[in-house]
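> 3D model of this:
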Amino acid sequence: MLTRIAKYSVKNILRNKFLSFSSVLVLTLLMFFINILVILHDVSFNLIDSINSKLSISLYLDEKYDKNTTEVIKLEEDIKNIWELDTDEWIWVEYKTKEQILKEIWEREPGLVKILERSNPLPNTIVLSNIKLSQYADLNRIIENKLYIFSKDDDNIEYFANYNSQYNKIKSIINILDILQFGLYVIIAIFVISISIIIY
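Predicted coordinates:
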């Protein structure tokens, strides 16, 4: 049976050599481009992970709240529990006092600290990092329920970006990455469908 099919196939291939050569060439090129796209897919995911690993969110606390406040403790616990919903990895939550932040700024900009250290207007801060793309929606939901514990724009700390502005910037980056991923999947699907049609 297989021998008969093989003979029939060879006979049809030899009957129209140009058409056979063209079909094989097109299939080869399509499979080559699919392999390129798969490699690009892996590279893009690595790039996304690399970009995402550098993103962090700083939550500037109102002066009435510190790490011993019930609301702050509950917020940190809720954020740490997000890992159970989407991934096996934790979101890194780091509490920094205004003194620690002042010291970090001094290491980068000693001249600026000379101006700030007289009254130190810097707020206590919760820094969030190692956030997966799938976790941002849950993280945003938790933080928005506690917005009242953070510094507001009307607190005369205008040189700090508030939470909403930080999240909107990260959200725009996530949207661009999602569009790129979707476009890549569409192109791969088109190539696979094209190969199927030609083979058929």
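
> in the chain, which spans are strands?
For the chain, strands defined by DSSP state E occupy the ranges 57-60, 92-96, 125-129.

> Please name whichever of these is nearest to Ile198.
The closest of the strands of the chain to Ile198 is strand 125-129. By Cβ to Cβ, the value is 47.9 Å. (Glycine included, C-beta is placed from N, CA and C.)

> In the closest one, which residues are buried?
Using 16 or more other Cβ atoms under 10 Å as the test for burial, strand 125-129 gives 125-126, 128.

> Kindly report the same for stretch 191-200.
Judged by neighbour count using 16+ other Cβ under 10 Å, the buried positions of stretch 191-200 are Phe191.

> Any idea how far that stretch is from the middle of the chain?
In this view, stretch 191-200 has its centroid 33 Å away from the chain centroid, taken as Cα atoms, centre = their mean, to the nearest Å.

> What's the mean pLDDT across that stretch?
Average pLDDT, stretch 191-200: 76.

> Quick check: which ranges of this structure have low pLDDT?
1-2, 6, 8-9, 12-14, 83-89, 110-120, 152-164 (pLDDT under 70).

> still on that earlier bit, is it possible to get CSV of the strands of the chain that adds distance to Met31?
Shown next, in CSV, are the strands of the chain (distance: least, Cβ to Cβ, whole Å):
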stretch, distance to Met31
strand 57-60, 43
strand 92-96, 42
strand 125-129, 41
